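Dropping a prediction and its sequence here:
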Amino acid sequence: MSENIIDPRREDFPIFECLGAAYLDSAATSQKPRCVIDAERDFYEKLNSNPLRGFYPLSLAATEAYENARKAVCRFIGAQSPKEIVFTNNATSAINLVAYSYGLENLTPCDRIVVSIAEHHSNMLPWQMVASKTGAELVYMKCGEHGEFSDEEIERCITPNTKLVAIAAVSNVTGAHAPLEKIISAAHSVGAVVMVDGAQSVPHLKTDVQSLDADFLAFSAHKMLGPMGVGVLYGKRRLLEEMPPFLTGGEMIESVTVKGAVYAELPHKFEAGTVNAAGAAALKAAIDYYDGVGIDNMERRELFLTKYAFDGLSAIPGVHIIGSDDHKNHTGILSFTVDGVHPHDISEILSSDGVCIRAGHHCAQPLLAHLGVHASARASLMYYNTTQEIDRFLESVSSIRRRMGYR
Ligand code: PMP
């Protein structure tokens, strides 16, 4: 392998010791290195107590582990302060927090919400809900057949009455990168805020929220080598400070009387109830793992693997890749169709050959309808994949039409 491309440390991932199949479904959830699994177990074995509540050493240590995880996330995405990092359950709940707390509070029937047609349902349904409850107009920004957004489309959609723009940095169907700089600067020029869905970008591309100037960014730990059940909402401090709490209850208050409550400062105002401290500690271990390997090294390896898979898949007769002609605009995601074969059959045949991929609408039905595709198969790669796994995938895809009775 070229000297710029690192070899993956497969031995760091216990699942590969027992999984015979090639795992090409990391856009759904990534595999976890041992240090992440150990960190979650360590929390329960050594620190277990309710954080943020007790004044005894065990609880203080649990609190410290939880807040250290917040600091790690803050640094990883280049936020200004840990106060801008709110832990949630996943990206979906982070986006819903903004929809309920910012959207319902700030939007009116005079306002426009712009959502890209390429959104995962998690960054679309919350805005449909806000539009229907507030009377705000909901406008879909359409992409071209390669998943690209033109300047004209951005200009058509982002008008002076636009108050909020919701956009995924990377599509979970096409892997295409949205022109975030253009969209964010167009939104800011009319005073709108931007909710960036980073579920498919933060795990794969170096993120710096300050240079991006995103107002909100949501992502999930489980897609970035971390545990399930932990998500992150980044928000600019000024915005988060002005927003009312989403959920109310324990631990998000300064004081309570029978008449009402004074809410806690950021970020705890948004973290009602017992938090997932073990999960946060495991997310910190995942971030340490990224730091150890180097996200630039991971990016380079993922680009290499994407090109390898893209070139191989493009060469198979009857196969059509959805999205860009350029492998660089796929971020490890290759959605495809095979002439005459339903994507569920594709995934079953691949499964019988020991290859795990996803098939269906990928929680992005409006995008598939816009692209004129009913469903697709999707292979998605991460730094730990190997060319041998991709070879197995390509060999299986090459045989599909023959096995389905086509010549
Ligand atoms: N947005 C995108 C682009 C996604 O790919 C996903 C997960 N498939 C989500 C949001 C939702 O993530 P989660 O299920 O972890 O909340």
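That came in fine, so what should we check first?

Could you report the neighbour count for the closest residue to Ala192 other than its chain neighbours?
Residue nearest to Ala192 in three dimensions, not counting chain neighbours: Thr162, with 4.5 Å by C-beta to C-beta, 6 or more residues apart in numbering. Bear in mind the C-beta positions are built from the backbone N, C-alpha and C, glycine included. Applying other C-beta atoms under 10 Å, we find 22 residues neighbouring Thr162.

Tell me who's in contact with Thr162.
Thr162 sits next to 111-114, 187, 190, 192 when contact means C-beta atoms under 8 Å, 6 or more residues apart in numbering.

how does it look with 6 Å?
Counting by C-beta atoms under 6 Å, 6 or more residues apart in numbering, Thr162 makes contact with 112, 114, 190, 192.

Which residues does the host helix or strand of the second one contact?
This points to Val114. Assessed by DSSP states H and E, Val114 sits inside strand 112-116. By C-beta under 6 Å, 6+ apart, the residues outside strand 112-116 that reach it are 124, 127, 131, 136-141, 157-158, 161-162, 164-167.

Is the ligand within reach of that strand?
No - figure legend: strand 112-116 not in contact with the ligand (C-beta under 6 Å from any ligand atom); closest approach 10.7 Å.

rewinding a little: now the phi/psi pair for the residue nearest to Ala192, please.
Torsion angles at Thr162 (phi, psi; degrees, to the nearest 10) stand at phi -70, psi 130.

any idea how far it lies from Leu138?
The gap separating Thr162 from Leu138 is 11 Å, by C-beta to C-beta, to the nearest Å.

Repeat that for Asn172.
Using C-beta to C-beta, we find Asn172 at a distance of 21 Å from Leu138.

cool, and Ser324?
Applying C-beta to C-beta, the value for Ser324 to Leu138 is 27 Å.

Those two - which one has more neighbours?
A side-by-side neighbour count of Ser324 and Leu138, using other C-beta under 10 Å, places Ser324 first with 19 against 16.

give me the beta-bridge partners of the residue nearest to Ala192?
Arg112 (DSSP bridges).

Give the burial count for the nearest residue to Leu350 once chain neighbours are set aside, as a bare number.
Nearest non-adjacent residue to Leu350, counting by C-beta to C-beta, 6+ apart: Ser396, 5.0 Å away. Using other C-beta under 10 Å, Ser396 has 20 neighbouring residues.

Look at His320 and say how many residues are nearby.
Around His320 there are 14 other residues, counting by other C-beta under 10 Å.

Distance from the strand holding Val114 to the middle of the chain?
Relative to its parent chain, strand 112-116 has a centroid offset of 19 Å by C-alpha atoms, centre = their mean, to the nearest Å.

Could you say which helix or strand holds the residue most central in space within the chain?
The C-alpha lying nearest the average C-alpha coordinate of the chain belongs to Ala199 (C-alpha atoms, centre = their mean; 0.7 Å). Counting by DSSP H and E, there is no helix or strand that carries Ala199.

try Leu305
Counting by DSSP H and E, Leu305 is part of helix 295-314.

and that helix, what does it pack onto?
helix 387-403 (3 or more C-beta pairs under 6 Å, 6 or more residues apart in numbering; DSSP states H and E).

quick one: the helix it packs on to chain centroid distance?
28 Å.

Buried residues in it, which are they?
389-390, 392-394, 396-398, 400-401 (16 or more other C-beta atoms under 10 Å).

With pLDDT and distance to Lys223 as extra columns, can I get those in CSV?
Shown next, in CSV, are the buried residues of helix 387-403 (pLDDT from 0 to 100; distance: C-beta to C-beta, whole Å):
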residue, pLDDT, distance to Lys223
Glu389, 98, 19
Ile390, 98, 20
Arg392, 98, 23
Phe393, 98, 20
Leu394, 98, 24
Ser396, 98, 24
Val397, 98, 24
Ser398, 97, 29
Ile400, 97, 28
Arg401, 96, 32
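
is it possible to export those to TSV including distance to the ligand?
Compiled in TSV, those are given as follows (distance: C-beta to the nearest ligand atom, whole Å):
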residue	distance to the ligand
Glu389	21
Ile390	21
Arg392	24
Phe393	20
Leu394	24
Ser396	24
Val397	22
Ser398	28
Ile400	25
Arg401	29
